Each structure stands twice: as C-alpha cells, then as structure tokens.
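**Q** model this:
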Amino acid sequence: MDPNLLRTFVTVARLRSFSAAAHELGYTQSAISQQVAALEADLGLPLLGRRPVEPTPAGERLLEHAGPLLLRLRAARADVLRAAAQPAHRLRLAATPLAVNAVLAGRLAEARAAQPRLRVEVRTCDRELLAELLAEGEADLGLADGIAAPSDPLRLPESGPMTTVGVSEEDLVVALPPGHPLAGRRALRLADLVDARWLQTPLCPLPRLRDLAGDGFAAALVYQGDDVHTVLNLVAAGHGLTLLPASAGRGVPLVAPRLVHRVELVHGALPPGPAATLAKALTGPAGLTPQAGPRPPA
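**A** Here you go, the predicted model:
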C-alpha cells in the first residue's frame, strides 16, 4: 500500500472534499481523484462515496489503521534524522499542563546555567499531541502527567519506539469550595464522592476516575483549558469538585483508593546533547528515582 496514496485518502476523508484536499496537498483535483482511485484499485474496494464525499464502510475501517501507520512512518523518518543529528544549542520540550513542576524548572535552570547559549522551548499540550510531536521530531523530550495507581505507568498514545520513565509521583487532594460539608474532613475516599458535582477538565478526566473507582462522577461543568488558577476559581465558586496534586492547590487528602499524580519522561533516541543531559538529570541519581515499567496500551 503506497503511503502517499494513503495520505491523500486520509486528507480527502478528513476534509470531505477532493478540491479542498487538492488545495491542502498542492495537487490538482484530477490528481487527487486519480490517487484515490489507484488506492481503491489496489484494495479492490470503494473507499469513498463521491456525492457526498464520505468514507464507505471499508474506508472507515482503513481510516482506523491509516492514522497510526502514517504516524509510524513520520516517526521512523524523524528517528533516523534525530540519531544522525549533531548536538545543538536547542532543547525542545513538550509537556502536559501539570508536568512542569518545581523539579523540572530547577533542572532546566541548571541546564541553562551550564550552557549559556542554550535555547529552551517549552510547549504545553495534551498527551495525543505530545506523542505526535515526539514521534515527528518536533520535540526532543516529553513530560506527561496524569492520575494513576502508585508505580503504574500512564496510558499514553502509541507513537512508535519510545522510552518512558517515571520521574515523580505526588499525593492527590480533593479541591473543595469553602463551606462545603466535606471541607473540614481530614481525609476523603473517592467512594464518598461518586455522586458529587465534578468538574470535567483535562487535569482531572472523569472517565479515568470511572476506570479506577467505578461508575458515577457526573460532570457539572466542563472546562477545556489547562490553567490551574481557573480550575481553582471554578471550584471556589461552587461549580464542582476536582482532584489536583497536593502542590497545585489546597484540598483534603485523598486516601482511598491510593492514587497519585504521576509524571513520566518520554523520548525517542537521544544523541549526545542537552536533551540527553536533561533526561539523565531527571531520571538518574541526580534526579528523582526512576520508576520504569511496561506501558499498557492506550
């Protein structure tokens, strides 16, 4: 199966338009139609309806495979180029919102002090984009955070051969508005909060809580951003409860089930340079105790 034909098919299916795909990919509309027809001929099945332009059942099935396949191809190219690259005075870090903690900030300061010419770029994003940036060579290191059982690895998207090492685990607290009936408790169990009003945020995804503690955890308000201060303001105003790492805000400690806020370092091949140096500082004797383990499927 020709990757170029597959990329064209994915673009047409995403845009629902041959002309829009031609504009995005820099081909004529006729060339786009010929490429899709060639892929259909190769498989012996129609993949796209024409009026309207939408995937057939066979096309839908192919789309399930196409995204990961194309990402792996981009990852392979980036990995080869990265392995052959010379050390540079640049460090590109992709991080989920709560992964940039005091430890990382301190290590970055040490790296910059040791290399005055070092240019550091930090980009916050969700886990899906973090995996893509690493796979495609747009980031040198990734730091992902999430809620997990102690020593359990996070569920990260599959993005090709990557090294994943735990760098920190921190207790969780339940953030409550002032005057809440549970605010005076010394500790809370998640089972006590199943029927509470919750905030659905990227920092505390409710589906993850349901995976860990069962049904319930209905969202009273959905916040799509990643600013901790905004989350705390929403909690204070009575819009719902949430879980946060203990260092991120005040709250009542969560004691059962035993859950933690986990941060993991993720990277591909690391030639000698600032990225390899920082990775060693975060996971070696000078950094935090590594907690490595097999990563479960996303």
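
**Q** Hmm, residue 175 is touching residue 240, no?
**A** No - using C-beta atoms under 8 Å, residue 175 is not in contact with residue 240; the gap is 9.4 Å. From N, CA and C alone the C-beta is placed, and that goes for glycine too.

**Q** Just want to check the distance between the residue nearest to residue 71 when sequence neighbours are not counted and residue 129.
**A** Leaving aside its chain neighbours, residue 71 sits nearest to residue 135 (5.7 Å; criterion: C-beta to C-beta, 6 or more residues apart in numbering). Going from residue 135 to residue 129 by C-beta to C-beta, to the nearest Å gives 11 Å.

**Q** More neighbours: these two, which one.
**A** residue 135 (26 against 17; other C-beta atoms under 10 Å).

**Q** so what's the more buried one scoring on pLDDT?
**A** The per-residue pLDDT reported for residue 135 equals 86.

**Q** isn't it right up against residue 160?
**A** Yes - using C-beta under 8 Å, residue 135 is in contact with residue 160, at 5.3 Å.

**Q** Touching both of these two, which residues are there?
**A** Common contacts of residue 135 and residue 160 (C-beta atoms under 8 Å, 6 or more residues apart in numbering): 71, 72, 75, 268.

**Q** For these, please prepare JSON lines with the additional fields neighbour count and secondary structure.
**A** Output for these, formatted as JSON lines (neighbours: other C-beta atoms under 10 Å; DSSP: H, G, I helix; E, B strand; the rest coil):
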{"residue": "71", "neighbour count": "18", "secondary structure": "helix"}
{"residue": "72", "neighbour count": "15", "secondary structure": "helix"}
{"residue": "75", "neighbour count": "23", "secondary structure": "helix"}
{"residue": "268", "neighbour count": "22", "secondary structure": "coil"}
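
**Q** out of those residues, who's nearest residue 43?
**A** Of all the shared contacts of residue 135 and residue 160, residue 43 sits closest to residue 72, with 19.5 Å by C-beta to C-beta.

**Q** Please, where are all the strands along the protein?
**A** For the chain, strands defined by DSSP state E occupy the ranges 48-50, 53-55, 90-95, 119-124, 141-148, 163-175, 188-189, 198-200, 219-222, 242-245, 252-256, 260-267, 291-292.
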